[in-house]
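Undergrad: need a structure here:
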Amino acid sequence: MKIIVFSDIHGNIDALESFLELIDGMEYERVYNLGDTVGYGAGPNECVDMVRKRNISSVTGNHDDVIVGRRDPGRFNPDARRAILWTRNELREENKDWLRGLNDFIWMDSSLGKALLVHGSPVNKDEYVVSASNAEKAFISMDEQDILICFVGHTHKACLWTQGIDGSPVFKPQAECDGDVKLEPTMKVIVNVGSIGQPRDGTPDGCFVVWDDVRHTMRFHRFSYPVERAQTRMKDAGLPGFIIERLGGGF
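TA: Residues are numbered from 1 along each chain as shown. I've put the predicted structure just below:
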């Protein structure tokens, strides 16, 4: 079974439309969204409408939570707070209700074992897996819950964390993952699927993954979209200059 997993649309309707057009020409059985459907971008309603229309299984992200009032925006930087407050005002109530109804994680049974889909980490949905110590804690949690593979987003940086023979985490950035990456079925793996709406790994191109749970292979897909159009939407909405600029630089 081929499974598409993506994350962090962040209100970028131009990226989302390009992504959906691309996968419409691909073979797959399921598609999952790992959260932060809104936040930063100028098309929050359009993005939620599209995900709802497609009936894409989704989890909630930290930006989704703060925009619907589950947490205070004080922990976010000033530019992110401005975008959050703008999105809160812009988002229709029916779309806020949809976000409120999302779960923190999705469990999926595969032919190889149990898979977890969550925004940040199997330890905590808001934790960033950005270091070997984070990954080690995540692998311990996966061992305790008998999880073979965990899909995350949140960092906007696509990569793999695999479990070495001695149990220690091994990092592999997306740039080093060419074609179908064969995974060891006896070792845990954390897949950061990157971001389709605001990548931060040095390129503006969106990223998602396709997992073949029979062959246990992972393939990262990068795609281009009309970045300047997305930036123009953000400028017209009066969103902060820094988050507009970073969209073009992938930083």
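Undergrad: what sits against the residue nearest to residue 14 when sequence neighbours are not counted?
TA: Take residue 14 and drop its neighbours on the chain: the residue closest to it by C-beta to C-beta, 6 or more residues apart in numbering is residue 230, 4.2 Å away. Quick note: C-beta positions are derived from backbone N, CA and C, even for glycine. Contact analysis of residue 230 by C-beta atoms under 8 Å, 6 or more residues apart in numbering lists 12-15, 41-42, 247.
Undergrad: nearest to residue 80 among these?
TA: residue 41 (12.1 Å; C-beta to C-beta).
Undergrad: all helices in the chain, in order from the N-terminus.
TA: Using DSSP state H, the helices of the chain run over residues 13-23, 44-54, 62-67, 78-90, 93-100, 132-145, 227-237, 241-249.
Undergrad: what's the most buried one of these?
TA: Comparing these by mean neighbour count (mean count of other C-beta atoms under 10 Å), helix 62-67 ranks first with a mean of 24.
Undergrad: export the helices of the chain to a markdown table and append columns for distance to residue 196.
TA: Putting those into a markdown table (distance: least, C-beta to C-beta, whole Å) gives the following:
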| stretch | distance to residue 196 |
| --- | --- |
| helix 13-23 | 5 |
| helix 44-54 | 10 |
| helix 62-67 | 14 |
| helix 78-90 | 17 |
| helix 93-100 | 18 |
| helix 132-145 | 23 |
| helix 227-237 | 11 |
| helix 241-249 | 12 |
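Undergrad: could you export these to a markdown table, including columns for mean pLDDT?
TA: Compiled in a markdown table, these are given as follows (pLDDT from 0 to 100):
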| stretch | mean pLDDT |
| --- | --- |
| helix 13-23 | 98 |
| helix 44-54 | 98 |
| helix 62-67 | 98 |
| helix 78-90 | 98 |
| helix 93-100 | 98 |
| helix 132-145 | 96 |
| helix 227-237 | 98 |
| helix 241-249 | 97 |
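Undergrad: mind checking those for the one nearest to residue 107?
TA: helix 132-145 (9.5 Å).
Undergrad: so how far is the closest one off the chain centroid?
TA: 19 Å (C-alpha atoms, centre = their mean, to the nearest Å).
Undergrad: report all helices and strands that it contacts.
TA: Where contact means 3 or more C-beta pairs under 8 Å, 6 or more residues apart in numbering; DSSP states H and E, helix 132-145 is packed against strand 114-118, strand 147-152, strand 159-163, strand 169-173, strand 189-192.
Undergrad: same for the first one, what does it pack against?
TA: Judged by 3+ C-beta pairs under 8 Å, 6+ apart, the packing partners of strand 114-118 are strand 105-109, helix 132-145, strand 147-152.
Undergrad: tabulate the ones you listed in a markdown table, adding columns for distance to residue 93.
TA: Converted to a markdown table, the helices and strands packed on strand 114-118 look like this (distance: least, C-beta to C-beta, whole Å):
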| stretch | distance to residue 93 |
| --- | --- |
| strand 105-109 | 25 |
| helix 132-145 | 36 |
| strand 147-152 | 29 |
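Undergrad: of the contacts of residue 230, which pair is most distant in space?
TA: 13 and 247 (12.8 Å).
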